[in-house]
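Structure, please.
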Amino acid sequence: MKIKQFKDSPLAHYSYAIVSDGKMALVDPGRNPYQYYKYAEEQQAKIVAVFETHPHADFVSSHAQIHAQTGATIYVSKLLGADYDHQGFDDGDSLEMGKISFKALNTPGHSPDSITIVAEDKKKTALFTGDTLFVGDVGRPDLREKVGNMKAKRVELAKQMYQTMQQKFNDLPDNSLVYPAHGAGSLCGKNLGSGSSSTLKNERKHNWAFQKQTEEEFVDTILKDQPFIPSYFGFNVDVNKSGAENVQKTKSEVNLNVSVEKILTESKVVDARDGESYKSGHLPNSINIMARNDDDSYETWLGAIIKPKEDFYLVVAGVDEVSTILERTAKIGYEKQLKGVVTLSKTVSAKPDELNFKDFKKHQENYTIVDIRNENELTEGKIFQNAIEIPLHELRDRAGEIPSNKPIVVHCAGGYRSAAGASILESKFRSTKVFDLGEDIEKFN
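Down below sits the predicted model:
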């Protein structure tokens, strides 16, 4: 059994290819299937199976496209009620592929339709645990109250996760390899470890969810301090339940507009350029969600700030970046919302206000300070005692809570999110100066 792990860094997503005797199975594939096709060619293997551990909330899967292009069978829990061609794969079901035996474990908790894929050959056992078991943590149970075929309340799912951790992995050997769908940085859990894989022995020893505790203690722990839920999560669950369109086709249908001076509609504009480029000139009604590299969580914040099905234009620095930004936008299924990708004319002149840092540091009382950190970050304490606290993902809807009688200074924890937050308020407050504190926040930590 040969296993290859594919990592999507911005989403902290892991997908897998398993090869045996010229055949390949995939687990939880990302939106663009070409990386898996390339690997299949390298291995001289035919893709025959795609396992979906559950309908993912944080990215769009390519399972439907892979089925259409390769003929591979999609295996999911029958509890999902999938709208695409598939084979039910639940407790007691198995599949032979080359020298590998695959079987399903129903492991509800993150979602009611979650399964773990157990792959075995004569040498090893591998567990593809999806969003059920992570390195050091388990999947959050609060994403399915309003979406999906099976709606379940968070307490009910938390109790199901308790039973899963108590019972479902008991008969598996300590040396079983654990391959989760996510690592540190994912919003699908709260305390994921930095490792990309583990062993069942290590998780039994160190993962809090395996430790001896009552159901009540487990439920209290898993529900406490979970990160925010981006607005696109429910949308992605529904897309994955139906099966996404061919991503190469949907990306090719997006218009490119070069050297744009203005946009004649009231549509929102997402400016993915770096902060300095944005400050040198941008279109009105823009939000600066930077996509400089894989360290920028562009996908997450795009889906947190822009609502599903909301039209928007996307600004890039140059045509060389169009392919990359479309690829990243399509990961969460937002490419179909694009009215166009644009590059800007040098005549575009809208600029944000520039903060007099010395004056701000000396006379903070003369400014309205807006803290856009997440709720779990706020528990660590305020940086500015009189700051108004509104998490970034709520800022567009709650901007009316901010008084306009003083200049506004926006800050986060490190400077990335404040660029987006300040640009949101810049569009809302046309007669009040809005400043981005940016990386200068580090001078106050």
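
Name the residue closest to the centre of the protein, please.
residue 58 (3.9 Å; Cα atoms, centre = their mean).

residues in contact with that residue?
Residue 58 makes contact with 11, 13, 182, 186-188, 230, 233, 236, 300, 332, according to Cβ atoms under 8 Å, 6 or more residues apart in numbering. Every residue, glycine included, has its C-beta placed from N, CA and C.

Compute the first-to-last residue distance for stretch 34-54.
22 Å (Cα to Cα, to the nearest Å).

Same question for stretch 372-382.
11 Å.

What's the mean pLDDT across it?
Here stretch 372-382 scores 89 as its mean pLDDT.

Assess the claim that residue 164 and residue 132 are in contact.
Yes - between residue 164 and residue 132 there is a contact at 6.5 Å, judged by Cβ atoms under 8 Å.

Surely residue 269 touches residue 283?
Yes - between residue 269 and residue 283 there is a contact under Cβ under 8 Å: 4.9 Å.

what sits up against the helix or strand of the chain with the lowest mean pLDDT?
For the chain, using mean pLDDT, DSSP states H and E, the weakest element among its helices and strands is helix 375-378, scoring a mean of 87. Helix 375-378 is contacted by residues 190, 225-228, 371, 389, 391, 413 when judged by Cβ under 8 Å, 6+ apart.

Which of those residues are buried? Put it as a PyMOL command.
The PyMOL command for the buried members of those (criterion: 16 or more other Cβ atoms under 10 Å) is given here:
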select buried, resi 190+226+228+371+391+413
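
okay if I get the contacts of helix 375-378 as a markdown table plus distance to residue 28 and secondary structure?
A markdown table is the format used below for the contacts of helix 375-378 (distance: Cβ to Cβ, whole Å; DSSP: H, G, I helix; E, B strand; the rest coil):
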| residue | distance to residue 28 | secondary structure |
| --- | --- | --- |
| 190 | 20 | coil |
| 225 | 26 | coil |
| 226 | 21 | coil |
| 227 | 20 | coil |
| 228 | 23 | coil |
| 371 | 35 | strand |
| 389 | 35 | strand |
| 391 | 28 | coil |
| 413 | 30 | coil |
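
Need the contacts of helix 375-378 in CSV (columns: distance to residue 77).
Below are these laid out as CSV (distance: Cβ to Cβ, whole Å):
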residue, distance to residue 77
190, 25
225, 29
226, 23
227, 26
228, 27
371, 42
389, 40
391, 33
413, 38
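
quick one: contacts for the nearest residue to residue 353 once chain neighbours are set aside?
Excluding the flanking residues, the one nearest residue 353 by Cβ to Cβ, 6 or more residues apart in numbering is residue 433, at 4.5 Å. Residues in contact with residue 433 (Cβ under 8 Å, 6+ apart) are 353, 407-408.

from these, which single one is nearest residue 384?
residue 408 (12.5 Å; Cβ to Cβ).

pLDDT wise, what is residue 147 at?
With respect to pLDDT, residue 147 scores 56.

List the contacts of residue 24.
Contacts of residue 24 (Cβ under 8 Å, 6+ apart): 17-18, 36, 39-40, 43, 45-49.

List the beta-bridge partners for it.
On the basis of DSSP bridges, residue 24 takes part in beta bridges with residue 19, residue 47.

any idea how far it lies from residue 18?
7 Å (Cβ to Cβ, to the nearest Å).

can you map out the helices along the stretch 101-250 of the chain?
Ranges of helices in the stretch 101-250 of the chain, per DSSP state H, counting those that start in this stretch, are 154-167, 200-206, 215-223, 232-242, 247-252.

Now render the contacts of residue 58 as TSV, adding pLDDT, neighbour count and distance to residue 123.
Shown next, in TSV, are the contacts of residue 58 (pLDDT from 0 to 100; neighbours: other Cβ atoms under 10 Å; distance: Cβ to Cβ, whole Å):
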residue	pLDDT	neighbour count	distance to residue 123
11	97	27	31
13	98	25	27
182	98	27	26
186	95	24	30
187	94	24	35
188	95	26	30
230	95	23	40
233	96	22	38
236	97	26	36
300	97	24	38
332	98	27	38
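
Which members of these are positioned in strands?
residue 13 (DSSP state E).

tell me which of the contacts of residue 58 is nearest to residue 420?
For the contacts of residue 58, the closest approach to residue 420 (Cβ to Cβ) belongs to residue 300, at 11.3 Å.

Give me the nearest residue to the closest one, chain neighbours excluded.
Distances taken as Cβ to Cβ, 6+ apart place residue 230 nearest to residue 300, at 6.1 Å, with adjacent residues excluded.

doesn't residue 306 make contact with the one you found?
No - look at residue 230 against residue 306 with Cβ under 8 Å: they stay out of range, at 9.9 Å.
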